[in-house]
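Chemist: Here is my input; please provide its structure:
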Amino acid sequence: MNLREILNDKALLVKIILVLAIILLIKIKFFGGFLQQQEITGELSTDIYATGQSKVPTFHFPKVSQSDSVEIRLHEPVYNFNLLYVLVHDDSTPESALDDSIWKKRTDLIEKIFHRESLGKINCNTQIVHFNVKQLGDKKLDYSKRNIKQWLGAIDNKLKPDYDYEVIALFTPLKVEGWCRDAPSFGFNINNTIELCQEVFGYGHDSDHTRAVGLLLHKMWHGIGYHHRAQELKPLPLLEWYLGLPESHLLPHASQGDFDGGFFFDRRFYKILGYLEQDDFDKLCLDSDDFICVHQGTDTCRESAGPYCSDSDKDGILDSEDSYVFSSPLSGKDSDSDGIVDKLDLCDNDIKVSALKGDFTGKEMKLISKTSNLQLEFESDLEITKIVTTYYSMINGFLRFPEENSITSSSKTLSLEGSGGYGKRFWRVQVFYTDAGQEYYRPFYVYFGENNEFVYEREWYYFNRFGCGVPSGIDLSDYQEFDSNHDGLPDADRFAFASDIDDDYDWDNDGVPDVEDTLPTVTGSCSDSHVQGVKDTDKDGFCDPGNFRYTQTRGLDQYFEIRSVFENPESDLCPFLPGEERGCPNLDNDGVPWYEDPCPLDNDICFYHSIGG
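Modeler: Below you'll find the predicted structure:
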């Protein structure tokens with residue numbers, strides 16, 4: 001049958017059109033959805049190894065004009081921004097849930113925290129906006145109709161003409177299936193606006209508001225570039241004890257719902273506000289004089305404070321140029337090139353690495369490729385049995401090297417390509433060797449592109465920092481296999497080298513031996529009845545808060561992380577600014593400590609509300 005006959009046969013033509021229509025619908029439903037999801041995934045994914053040194057700012061807090069009078073300027077805000085808290089609902093929403101007096105408790109708390117924690121230098125002006133999805137042509141609030149970017153974009157477009165804001169947060173009082181399911185843990189940064197989605201919280205109790213605000217501020221601070229830096233910069237918790245909002249720069253008050261004691265922001269925050277002096281490394285940061293989020297080429301950005309403006313091990317070398325940033329403050333010869341000076345080195349695991357093709361820098365643990373491809377050769381007087389290479393994945397917010405990403409080889413040479421897509425720009429290399437009949441491995445990390453400072457915390461803390469390989473087959477998720485008495489040191493009855501960790505062994509060279517030091521890798525001279533050898537950052541006599549707990553912790557064990565706890569009842573509640581009242585200054589000279597004062601800045605300007613003090 002030729003084309004003319006087909007066109008003349010109307011019944012057959014109808015059948016063909018129906019078949020084509022069905023095929024088209026199937027394609028749209030399945031493949032179109034797939035393509036849309038691929039687009040969403042691309043927009044939401046964050047590659048933590050993308051460059052962070054672009055000089056194009058995509059967000060900054062708007063500044064206010066300052067008085068010429070120094071005396072007046074001390075009490076004036078420096079930054080002023082507007083936050084739109086959008087209550088998304090439909091006609092089925094109970095009137096009681098739309099009562100502004102409920103949500104004002106929440107927005108008042110947001111304003112209070114910013115004003116209080118910035119010592120009056122940041123004003124956050126909040127506004128509650130009711131948004132019925134009818135404005136989008138929807139009869140019912142059905143989250144599945146759009147992805148997070150589409151929801152934010154649609155509502156933002158409706159509100160922009162009538163409202164002035166730098167931050168917009170979507171929230172719903174309804175139990176909507178899938179609400180925010182595809183929203184990242186950070187805020188998008190689009191057209192100089194932070195856009196984020198707030199998870200569903202209750203609203204009947206004060207604790208609901210503190211929890212909601214804690215997470216909101218966490219996401220918002222992500223939105224101007226403060227990401228979970230301790231995930232990729234392990235010297236922060238291991239050497240500097242520089243912790244914060246769960247594994248970020250900020251202190252962990254939001255996760256605890258505690259806004260009454262201690263400052264919420266970090267010391268760099270106070271340097272930008274002018275309360276603390278900047279050092280030479282701070283001045284190398286692109287945004288050292290302002291809160292600027294540096295563009296990533298996507299709808300997210302990160303702050304410019306990274307390994308190129310820090311010196312974690314205080315050896316005078318920028319982390320970005322340091323071949324080993326986990327070195328002890330104790331100087332000396334390192335005979336086996338593992339980064340541990342001979343005086344502290346309890347094992348011999350000399351493994352040398354060279355390039356047969358390509359070029360790189362580093363030798364101890366971090367190898368930074370200067371070329372897109374590398375062929376490495378590992379040599380040692382020890383018997384090298386195999387080499388396992390693994391590229392990284394982000395799993396539940398943790399940087400991880402899963403076994404399914406691994407390749408095992410019996411060769412002493414290794415070829416790597418850094419252009420293989422996601423995960424292939426960062427590799428973990430385990431060089432297995434035998435010593436006295438026991439098999440161990442020494443880890444190396446190979447970077448293509450920007451370098452970070454990653455180690456598995458328990459692996460480095462219990463083995464590598466002593467210059468020792470990790471016993472093959474050990475389960476780092478189970479403390480019983482290497483620290484059965486939970487003292488933070490490897491078991492001497494299982495590992496021969498551990499018997500040399502005696503009263504004279506002082507890894508951080510602070511005068512407190514490891515067997516007594518609360519934080520044995522953090523140099524510090526502060527002690528009280530609960531801790532020894534920890535930092536006192538502001539030098540006011542009160543020890544910085546927090547220490548490690550070496551016990552099983554659900555959610556951290558599988559990632560070989562060490563749990564941080566804040567249990568010292570004598571610790572400094574304001575660790576970055578000196579003061580006599582639990583380490584806090586008395587800002588208004590009224591005799592009431594900062595952490596108890598409902599009006600800590602000025603008795604005439606009281607930001608006291610029913611939530612949080």
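
Chemist: residues in contact with residue 571?
Modeler: Contact partners of residue 571, counting by C-beta atoms under 8 Å, 6 or more residues apart in numbering, are 528, 530-531, 542-546, 583. For glycine as for every other residue, the C-beta is placed from the backbone atoms N, C-alpha and C.

Chemist: want to throw those residues into CSV with distance to residue 416, pLDDT and neighbour count?
Modeler: Listed next are the contacts of residue 571 as CSV, based on distance: C-beta to C-beta, whole Å; pLDDT from 0 to 100; neighbours: other C-beta atoms under 10 Å:
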residue, distance to residue 416, pLDDT, neighbour count
528, 48, 96, 16
530, 47, 94, 14
531, 43, 95, 23
542, 48, 93, 25
543, 44, 93, 27
544, 40, 88, 24
545, 41, 84, 25
546, 38, 82, 22
583, 48, 85, 29
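
Chemist: now, which of those residues sits nearest residue 479?
Modeler: Using C-beta to C-beta, residue 546 is the member of the contacts of residue 571 that lies nearest residue 479, at 19.4 Å.

Chemist: right, and the closest one touches residue 240 too?
Modeler: No: counting by C-beta atoms under 8 Å, residue 546 does not reach residue 240; the two are 11.9 Å apart.

Chemist: which residues in the chain form helices?
Modeler: For the chain, the helices defined by DSSP state H cover 3-8, 10-26, 33-44, 70-73, 100-117, 148-159, 206-223, 235, 253-256, 267-273, 280-283, 457-462.

Chemist: Least confident of those, on average?
Modeler: Lowest mean pLDDT of those: helix 33-44, a mean of 25.

Chemist: got the contacts of residue 571 as a markdown table, with distance to residue 208 columns?
Modeler: Shown next, in a markdown table, are the contacts of residue 571 (distance: C-beta to C-beta, whole Å):
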| residue | distance to residue 208 |
| --- | --- |
| 528 | 35 |
| 530 | 32 |
| 531 | 34 |
| 542 | 32 |
| 543 | 33 |
| 544 | 31 |
| 545 | 26 |
| 546 | 27 |
| 583 | 30 |
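
Chemist: Looking at these, which is nearest residue 426?
Modeler: Among those, and counting by C-beta to C-beta, the member closest to residue 426 is residue 546, at 28.5 Å.

Chemist: count of residues packed around the spatially closest residue to the closest one that is not a sequence neighbour?
Modeler: Nearest residue to residue 546 in three dimensions, chain neighbours excluded: residue 566, at 4.9 Å (C-beta to C-beta, 6 or more residues apart in numbering). Neighbourhood size, residue 566 [other C-beta atoms under 10 Å]: 15.

Chemist: Touching, residue 566 and residue 548? I think so.
Modeler: No: at 11.2 Å, residue 566 does not count as touching residue 548 under the criterion of C-beta under 8 Å.

Chemist: Give me the buried positions along stretch 524-533.
Modeler: Of all the residues in stretch 524-533, those buried under the rule 16 or more other C-beta atoms under 10 Å are 524, 526-528, 531-533.

Chemist: And for stretch 172-180?
Modeler: 172-174, 176, 179-180.

Chemist: Widest-spaced pair of those?
Modeler: Farthest pair in the buried residues of stretch 172-180, by C-beta to C-beta: 173 and 180, 13.6 Å.

Chemist: Quick one: neighbours of residue 587, just the number.
Modeler: 19.

Chemist: do the same with residue 88
Modeler: The number of residues near residue 88, taken as other C-beta under 10 Å, comes to 24.

Chemist: Ignoring the adjacent residues along the chain, who's closest to it?
Modeler: Per C-beta to C-beta, 6+ apart, closest to residue 88 is residue 172, 4.7 Å.

Chemist: Now do the contacts for that neighbour.
Modeler: Here residue 172 is in contact with 87-89, 141, 179, 200 (criterion: C-beta under 8 Å, 6+ apart).

Chemist: now the buried residues of stretch 524-533 as CSV including distance to residue 134?
Modeler: Converted to CSV, the buried residues of stretch 524-533 look like this (distance: C-beta to C-beta, whole Å):
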residue, distance to residue 134
524, 59
526, 59
527, 63
528, 60
531, 58
532, 63
533, 62
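
Chemist: quick one: which of those residues is nearest to residue 324?
Modeler: Distances from residue 324 to the buried residues of stretch 524-533, taken by C-beta to C-beta, are shortest for residue 524, at 21.5 Å.

Chemist: Give me the pLDDT for that closest one.
Modeler: In this model, residue 524 carries a pLDDT of 94.
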